[in-house]
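Chemist: Quick one: sequence and predicted model below, then my questions.
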Amino acid sequence: MYKCKPERNPKQAALLMIGSILLTIGTFALGILWEEYKGVINLAAMFIAAIAIYIIIRFTMTEMEYTLDNGTFIITKIVGNKRTDQGSLDLAETIDLVSKEDYKAKGYNKSYNNFFNYSQNLGGKHWFFVVGFAGKRAVIEFEPNDAFVAIMKDEIEKAKKEPQNRPPQGNSDGGILI
């Protein structure tokens, strides 16, 4: 079992929090200054605050963990002490594993049924796992490190050579953290 946790970008987290707070305060201040449209501006400020809270939780308090176990790719979301499996996919069903540049060059950004973003940071080196699932094409965006990508490519090749009906193993405390 191999595991990978993307590194948190502390500068990005701080900028997101400060920017969200300043935008919300600025919108409320605009409502005070522009008395004529105070209700509409305050409603917009509350909407902006709600989006800011979502962004702060999503990109600063949430961690992702990627696991390769017995021919299965498992994605786990961690918020505080709560771990939730987001999905487990059979590596034998892989269509491609590509970088951001190759994803656009191969046209995968135009031909998919479902798209899931399991990245932890807004920027960075993201990879795209294109998989066939129930007769449809799904794309999973995630941000593993280079060592995990190399291991994942090897595991995909192994799974395609000898496909088996392997039950997903779920996430356990063991494994090798990469």
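Modeler: Arrived safely.
Chemist: so who does the residue most central in space within the chain touch?
Modeler: The centre of the chain sits closest to Y118, judged by Cα atoms, centre = their mean, with a distance of 1.5 Å. Applying Cβ atoms under 8 Å, 6 or more residues apart in numbering to Y118 gives the contacts 64, 66, 75, 77, 86, 140-142. Where C-beta positions appear, they are placed from N, C-alpha and C, glycine not excepted.
Chemist: Show the buried residues in the residues you listed.
Modeler: Using 16 or more other Cβ atoms under 10 Å as the burial test, those include 64, 66, 75, 77, 140, 142 as buried.
Chemist: Next, count neighbours for A49.
Modeler: As a burial measure, A49 scores 17 neighbours (other Cβ atoms under 10 Å).
Chemist: helix/strand/coil for it?
Modeler: Following DSSP: H, G, I helix; E, B strand; the rest coil, A49 is assigned to helix.
Chemist: count of neighbours near the nearest residue to it once chain neighbours are set aside?
Modeler: Nearest residue to A49 in three dimensions, chain neighbours excluded: T24, at 4.6 Å (Cβ to Cβ, 6 or more residues apart in numbering). T24 is flanked by 19 other residues according to other Cβ under 10 Å.
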